[in-house]
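A.B. asks: just to be clear, the model below is a prediction. Sequence and coordinates:
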Amino acid sequence: MIRVSAGIIRNAEGRILVCQRGEGHANAHLWEFPGGKQEPGEDEAACLRRELTEELRLPVSQLRVFSSADWNGIHFTFITGVADAEPVRTEHEAIRFVVPRDMLALSFCPADTAVARRLALTEPRLRALFWDFDGTLFDTYPMMTRHLAKACRRHGIEESGEDLLSLMKISLGDALRILSEKHRVSCGELAEAYRIEAQKTGPAEAPLMPGMDRTLHVLYEKGVRHFLVTHRDRGAVAALRSKGLDGLFTDCVTSELGFPRKPDPASVRWLIEKHGLNPETVCMIGDRPLDIEAGHGAGTLGCLFDPDRRFGSVPCELRAASADELPGLLCPD
């Protein structure tokens, strides 16, 4: 098996050296931790020292094994160390020292991705998770789609369930506006018809997203505090209570507080200030881009929860397709 040493090399400010692979190389334009293949008779540390000298003219010290992993038939050993000089770019497209959290914005080579994310999410660790309700904690969209379809039929509008769902995944307000313009009906009347239908069933009647119960408990046991940020009224809190989950949540923002709707970040900022949280240790989790925008506007990380993979082209530093992925993604060991 090919064996590779890769360096997690810090400068005096604690920033980590990352390098962008150049044109013509495997994984061109992706970022990596510098290093290379071990030669016969060479141990991991000796290999790393040689590679850093050859590629970056960089002497290093205080080398220690951080982790190892196998990828595509190659055994990688990741080694921490300290840069004893400034690196010199000789073959990479770019080199830079970054704070760990900034690595979430870079596209890394496959073998380096998990290590980069682990560093980024442990320096600092996440301490608070802000959760959207519909389509994130609770699987309410089938119910909401039925409500909107019935409201449309009241006005002679026939749209497929998938088309209605796609519109609501932008936002309910956008769905109502687009439908009213398309079919030349009053947006206010369509919204009122939807409200009437929605009042017939509460959010507590919807199931949790698959695996979400366990995920909330696992994250809570890891010491993370949960918060709810929803456009719904206190019925959302009652829905959490009906599933025995309300005790896991430190605080909730619901419509009664009168905040502007997401993507406005006012509700997120209010929770951060109220509870004295550091935005760098907070992540906003939601199933729509507007949830992520609200978090970013308040200085938090964003995690797009996208089981249907509707928003693959939307830039977001973290994303998950299932609840089961979230503990390992957000709180890596």
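C.D. replies: Here it is on my side, so go on.
A.B. asks: helix/strand/coil for the residue of the chain positioned farthest from its centre?
C.D. replies: Taking Cα atoms, centre = their mean, the residue of the chain most remote from its mean C-alpha position is residue 41, at 42.2 Å. Using DSSP: H, G, I helix; E, B strand; the rest coil, the secondary structure recorded for residue 41 is coil.
A.B. asks: got the contact list for residue 110?
C.D. replies: Applying Cβ atoms under 8 Å, 6 or more residues apart in numbering, we find residue 110 in contact with 27, 71, 72. From N, CA and C alone the C-beta is placed, and that goes for glycine too.
A.B. asks: can you redo those residues as CSV with pLDDT?
C.D. replies: Shown next, in CSV, are the contacts of residue 110 (pLDDT from 0 to 100):
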residue, pLDDT
27, 90
71, 92
72, 90
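A.B. asks: as a markdown table, the residues you listed with neighbour count and secondary structure would be great.
C.D. replies: A markdown table is the format used below for the contacts of residue 110 (neighbours: other Cβ atoms under 10 Å; DSSP: H, G, I helix; E, B strand; the rest coil):
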| residue | neighbour count | secondary structure |
| --- | --- | --- |
| 27 | 15 | coil |
| 71 | 14 | strand |
| 72 | 7 | coil |
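A.B. asks: residue ranges of each domain in the chain, please.
C.D. replies: Under the assignment automatic domain parsing, the domains of the chain span 2-120, 128-138+207-330, 141-204.
A.B. asks: out of those, indicate the one that is most buried.
C.D. replies: Of the domains of the chain, the one with the most neighbours on average (mean count of other Cβ atoms under 10 Å) is domain 128-138+207-330, at a mean of 19.
A.B. asks: from the middle of its chain, how far away would that domain be?
C.D. replies: 10 Å (Cα atoms, centre = their mean, to the nearest Å).
A.B. asks: what mean pLDDT does that domain get?
C.D. replies: Domain 128-138+207-330 shows a mean pLDDT of 97.
A.B. asks: look up how far residue 170 lies from residue 289.
C.D. replies: In this view, residue 289 and residue 170 are 8 Å apart by Cβ to Cβ, to the nearest Å.
A.B. asks: same question, residue 222
C.D. replies: From residue 222 across to residue 170, the span is 33 Å (Cβ to Cβ).
A.B. asks: same deal with residue 320?
C.D. replies: 20 Å.
A.B. asks: same check, this time on residue 16
C.D. replies: Relative to residue 170, and taking Cβ to Cβ, residue 16 is found at 37 Å.
A.B. asks: cool, residue 86 as well?
C.D. replies: 48 Å.
A.B. asks: quick revisit: ok, the contacts of residue 110 vs residue 212, which is closest?
C.D. replies: residue 71 (30.5 Å; Cβ to Cβ).
A.B. asks: my read: the closest one touches residue 112, true?
C.D. replies: No: with contact defined as Cβ atoms under 8 Å, residue 71 does not reach residue 112; the gap is 9.0 Å.
A.B. asks: what about the strands in this protein?
C.D. replies: Here the chain has its strands, by DSSP state E, at 2-10, 16-20, 31-32, 35-37, 60-71, 74-83, 94-98, 128-131, 225-229, 249-253, 282-286, 301-305, 318-320.
A.B. asks: and for the fourth one, what's in contact with it?
C.D. replies: It refers to strand 35-37. 2-7, 47-48, 50-52, 54-55, 79.
A.B. asks: quick check: closest non-adjacent residue to residue 249.
C.D. replies: residue 226 (4.7 Å; Cβ to Cβ, 6 or more residues apart in numbering).
A.B. asks: gap between that neighbour and residue 259?
C.D. replies: Distance, residue 226 to residue 259, by Cβ to Cβ: 19 Å.
A.B. asks: and if you look at residue 26?
C.D. replies: 48 Å.
A.B. asks: again, but for residue 7
C.D. replies: To residue 259, residue 7 is 46 Å away according to Cβ to Cβ.
A.B. asks: any idea how far apart the tips of stretch 262-279 sit?
C.D. replies: For stretch 262-279, the first-to-last residue distance is 17 Å (Cα to Cα, to the nearest Å).
A.B. asks: contacts for that stretch, please.
C.D. replies: Residues contacting stretch 262-279 (Cβ under 8 Å, 6+ apart): 124, 127-128, 130, 132, 225, 227, 229, 231, 250-251, 253, 257, 259-260, 282, 284, 286, 289-291, 293-300.
A.B. asks: please redo it, this time with the cut-off set to 6 Å
C.D. replies: 128, 227, 229, 253, 259-260, 290-291, 293-295, 297-300 (Cβ atoms under 6 Å, 6 or more residues apart in numbering).
A.B. asks: among the residues you listed, which pair sits farthest apart?
C.D. replies: Maximum pairwise distance in these, criterion Cβ to Cβ, is 21.2 Å, between 128 and 260.
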